[in-house]
Structure formats: structure tokens, C-alpha cells
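# Provided below for reference: sequence and predicted model.
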Amino acid sequence: MDKLLSVVVSVYNEELALREYYAETTEVLRGLVGTWDYELLFINDGSTDGSAAILKKLAEEDRKVKIVSFSRNFGHEAAMIAGIDYAKGDGIICMDADLQHPPECIPQIVGKLEEGYEVITMVRMHNRTAGVLKNITSSAFYALINRLSDVQFDANASDFFAVGREAADILRKNYREKVRFLRGYVQSIGFARATIPYEAKPRFAGESKYSIHKLFTFAVNTLLCFSDLPLRLGIYAGIVAALFGIIVMVYTIYTWARYGAPSGYATIVVLISFMFAMLFVIVGIIGEYIAILFAELKDRPVYIVADTENIEKR
Ligand code: UDP
Ligand code: MG
């Protein structure tokens, strides 16, 4: 019996790239038949362009094409999570539909799966596709998170990765957080891990859907999810403030003893502004954690499936 390979592709308004993606990927996947059978699982993340129609057509022509359509846009990560949930394969590869993740890498990944690796992360060699600013902020972010968190993240790991059956089961059962960082989970669950370098290509067509705002939210949430250190900031700030207070007190007593009446309107204003600034920042950080707690407590679905194609109804 052939083993089954599931290729999970998240699609959000990719009408310009889909056909090309399908053609290239199918060609590579057909080359594997004999040892590995495959399914090509597209997650339509609430596309508003012609993507749905193109996918439907592909699924009619090719039974190996499977579609899970969301009721609205839930985001790239939700799409990958849904893909892992629905995939039936012994190995699951997650990739983008814009051909930035080259399908030619698939045989290499399959090779690693055969060697028994459970988690295979694809590492970008150089990212010429992203701007200078994006590269700088991205390395700064990884430097920070690696300092603050127990888990070590690979700065160049991408959303291009593969997991074996065991790792996939863990992701399905135990990593259902609402505020999350899927790439981080994949890197933190352990098992036999391999990395494969690859060259990210420019987007085949269309535009990146990640705005600066989205990336910022993403970075903040990841920091909060993988580190408790910001919460402890309050304690550290308190200690600093206390030391500061003692110094000012000694100084005040000294001036009072020497010159009589203590003065220092300016000092008071500066101190109060400084202390309050610190206080509000810390309250804000606690607020962020409460927001995450609240999201988990509400336990809303990570995604909602409206329709599927070539998949038996569950
Ligand atoms: N994507 C998605 N939902 C979204 C945004 C993007 O499924 O809300 C998909 C998109 O179709 C693509 C992949 O996620 O296949 C990566 O998105 P994009 O290329 O815009 O990100 P970038 O490569 O610039 O990081
Ligand atoms: Mg892309």
C-alpha cells in the first residue's frame, strides 16, 4: 500500500496563481506515485475573488483535489490548522498558493519523512522577496523572542513545513489555542526534526496579504504567548522604583537638614510622570494577557467550515 501525502494549501484571493500552482505541484506529486499517493487539500479562506470557482473546477476534474471552504476569512494560520485537521496523510506538507514555496522541494521533504523525521521545517536561505524593513524587524523580533522564551525559534523558519502523523495528532488534539503562533508550536513540540534550506521565490502573482498592522499584532501575541516575562515586568519595575525612592528620600533629608525647607517642584513632576508612565505600561501589558485569557475562555471556533468538496461529510 502506498503511503498518503497530504499537501495543504491556504488560499485567500489567489485567482491569479492557483492554476499555475496546481499545474506545477501536480506534476511534482505525480512523480512520487508508486511509493506515495497524494491528496491536494486547498483551504479556501473566504476568498472574495474567482478562487472558489477555479478550485471547484479543479476538484471536478481531479478527484485528488479536495477543498475545505471557510464561511469567511479566518486568516492564514486558521487555514493551516484546518488543513492539518482534515488531512488524512501519513505526512502533511503545508505551503502557500502563491508559489513562493517551490513545489520542487516536495520530493526532498518526502525523503525526510521516509527517514522517519516527524517535523520538517523549511528554512529560507535569503529572502529577497521581502523588503529591507521587513527583514530587519523580523530579525529583531526573533532575537527578542529567543531571549524571552524557553523555546528557541529559527529566525528563517517559514510557513512551509511538514509534519508526520504523530506530530499532526498532537497539533490536532493539544494545540487549539485561539491566540497562537503555529510556526512556534511546530518548532516546540519536539520529535525528530529536520530542516531543509530553500530559496523563497517572489510571489507568482497578486499581493501579499500581510499588512504591517497584522504583523505587529502577530508579533505582540507571539511574545505574550511564549513568554511570561512581560508579566514579571511589574515586579522589576517596582524594585527599581523602590530604589529610586530611597535615593530621593535620602537626598531630601540631606537637603532639609542642610538648607532647611525641602524644595523640588520639578523633581516631583518628573517623578510622578515617570512613575505613572511605568504604571500604565504595566497595566496595559496585564490587559493584553487578560484579552488573551478572555479569548480562550470564550472558546470560539478557530474556523468555521461552510462547504467541502471531494471530502466525505463528517
Ligand atoms: N492567506 C490565507 N488567509 C489570509 C491571508 C493569506 O489563507 O488571510 C494565504 C495566501 O493565499 C497565501 C498564504 O496564505 O497562500 C501566504 O500569504 P501571503 O503570500 O499574502 O503572505 P506572505 O508570503 O507575504 O508572507
Ligand atoms: Mg506569499
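Yep, it's here. Ligands and ions are numbered 1, 2, ... in the order given.
# surely residue 155 meets residue 142?
Yes. Counting by C-beta atoms under 8 Å, residue 155 does reach residue 142; the two are 3.9 Å apart. In short, each C-beta sits where N, CA and C put it, glycine included.
# which one of these two has more residues nearby?
Remark: of residue 155 and residue 142, residue 142 carries more neighbours, 18 against 14, as counted by other C-beta atoms under 10 Å.
# does the more buried one count as helix, strand or coil?
Here residue 142 is recorded as helix under DSSP: H, G, I helix; E, B strand; the rest coil.
# break down the protein into its strands, ranges please.
If DSSP state E is used as the criterion, the strands of the chain fall at 3-11, 36-44, 65-70, 91-96, 119-124, 157-164, 193-198, 305-309.
# what sits against the spatially closest residue to residue 292 that is not a sequence neighbour?
Among residues not flanking residue 292 along the chain, residue 179 sits closest, at 4.7 Å (C-beta to C-beta, 6 or more residues apart in numbering). By C-beta atoms under 8 Å, 6 or more residues apart in numbering, the contact list for residue 179 reads 221, 224, 225, 292, 295, 296.
# so which of these comes closest to residue 112?
Looking at the contacts of residue 179 and their distance to residue 112, the nearest is residue 225, at 27.8 Å (C-beta to C-beta).
# near ligand 2, which residues of the chain?
Contact residues (C-beta under 5 Å from the ion) of the chain with ligand 2: 96, 98, 100.
# surely the last one and residue 200 touch.
Yes. At 5.3 Å, residue 100 counts as touching residue 200 under the criterion of C-beta under 8 Å.
# low-confidence ranges in the protein?
Counting by pLDDT under 70, the ranges of the chain that qualify are 1, 126-130, 262-263, 313-314.
# can you tell me the closest non-neighbouring residue to the residue positioned nearest the centre of it?
Central residue of the chain (C-alpha atoms, centre = their mean): residue 181, 3.8 Å from the mean position. Leaving aside its chain neighbours, residue 181 sits nearest to residue 222 (4.3 Å; criterion: C-beta to C-beta, 6+ apart).
# which residues touch residue 29?
Applying C-beta under 8 Å, 6+ apart to residue 29 gives the contacts 5, 7, 38, 40, 64, 103, 106.
# and which of these is nearest residue 186?
residue 7 (16.1 Å).
# I'd guessed the closest one sits against residue 26; true?
No. Taking C-beta under 8 Å as the definition, residue 7 is not a contact partner of residue 26, at 9.7 Å.
# more neighbours: the two, which one.
Comparing residue 7 with residue 26 by neighbour count (other C-beta under 10 Å), the higher total belongs to residue 7, at 27 against 18.
# identify the bridge partners of that one.
Judged by DSSP bridges, the bridge partners of residue 7 are residue 40, residue 93.
# neighbour-wise, which one of the contacts of residue 29 leads?
Ranked by the number of neighbours (other C-beta under 10 Å), the contacts of residue 29 place residue 7 first, at 27 neighbours.
# tell me where the stretch 1-150 of the chain has helices.
Using DSSP state H, counting those that start in this stretch, the helices found in the stretch 1-150 of the chain span residues 18-30, 51-61, 76-86, 106-114, 132-148.
# quick one: distance of the first one to the chain centre.
This means helix 18-30. 25 Å (C-alpha atoms, centre = their mean, to the nearest Å).
# repeat that for the third one.
Between the mean C-alpha point of helix 76-86 and the mean C-alpha point of its chain there is a distance of 12 Å (C-alpha atoms, centre = their mean).
# is that helix anywhere near ligand 1?
Yes. Using C-beta under 6 Å from any ligand atom, we find that helix 76-86 touches ligand 1 at 76, 79.
# where does this protein come near ligand 1, residue by residue?
By C-beta under 6 Å from any ligand atom, the residues of the chain that approach ligand 1 are 10-12, 14, 45, 73, 75-76, 79, 96-98, 100, 203, 208-210.
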